[in-house]
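Colleague: just coords:
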């Protein structure tokens, strides 16, 4: 697997620990993989370069030091390890999304069985699904290597849309028939 990588090499003062935690959160949001202490990797692309530049600026703002290495080549075995690590993290995130979508579907089913849902509750269901979709978009954006679970997430969200659409239509049809 021949590819070039971006490496972000950084140090942040040990205290206060919130500084290190802030950088760590940004690296995780970017989908970066830790190669070793203070060295993180991303596949080299325009969007990942921009992301690492933003994180490097944050490191500097936090009184740390950052070096961005572009065009890095990593040996095939280590590349396979980095890719596998990234895929494992994304697969766990996809599994969390699958679990949450399952909870959402079960919740909608319970609401459907009770049939006395208010407009406010319907809005909350739509908002909940919107939050799940937003989370899914974030995970997909950092899935650089096609981790397992993405297709299942997309299928479950299609099912969520279908169930919610059906659920939204039925109460209004029933109300129109009574009116």
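Modeller: That came through fine. This is a predicted model, so every value here is computed, not measured.
Colleague: For the helix ranked longest in the chain, buried residues please.
Modeller: Longest helix in the chain, counting residues (DSSP state H): helix 76-114. Buried positions in helix 76-114, judged by neighbour count with 16 or more other C-beta atoms under 10 Å: 79, 82-83, 86-87, 89-90, 93-94, 97-98, 100-101, 104-105, 108, 111. The C-beta positions use only the backbone N, C-alpha and C, and glycine is treated the same way.
Colleague: quick one, phi psi at the closest residue to residue 73 other than its chain neighbours?
Modeller: Excluding its sequence neighbours, the residue lying closest to residue 73 (C-beta to C-beta, 6 or more residues apart in numbering) is residue 4, at 6.3 Å. Backbone torsions of residue 4, given as degrees, to the nearest 10, read phi -110, psi 150.
Colleague: Now do stretch 18-26, average pLDDT.
Modeller: If you average the pLDDT over stretch 18-26, you get 96.
Colleague: Kindly apply the preceding question to stretch 108-118 instead.
Modeller: Mean predicted lDDT for stretch 108-118 stands at 77.
Colleague: How far does it sit from its chain's centre?
Modeller: 30 Å (C-alpha atoms, centre = their mean, to the nearest Å).
Colleague: cool, and stretch 105-115?
Modeller: 27 Å.
Colleague: in stretch 118-133, what's buried?
Modeller: In terms of neighbour count (16+ other C-beta under 10 Å), stretch 118-133 has its buried residues at 122, 125, 128, 129, 132.
Colleague: Same question for stretch 38-54.
Modeller: 38, 40, 41, 42, 43, 44, 48, 51, 52.
Colleague: Then stretch 20-35?
Modeller: For stretch 20-35, by 16+ other C-beta under 10 Å, it's 20, 22, 23, 26, 27, 30, 31, 32, 33, 35.
Colleague: residue boundaries of the helices in the chain?
Modeller: 17-30, 46-61, 76-114, 119-141, 150-178.
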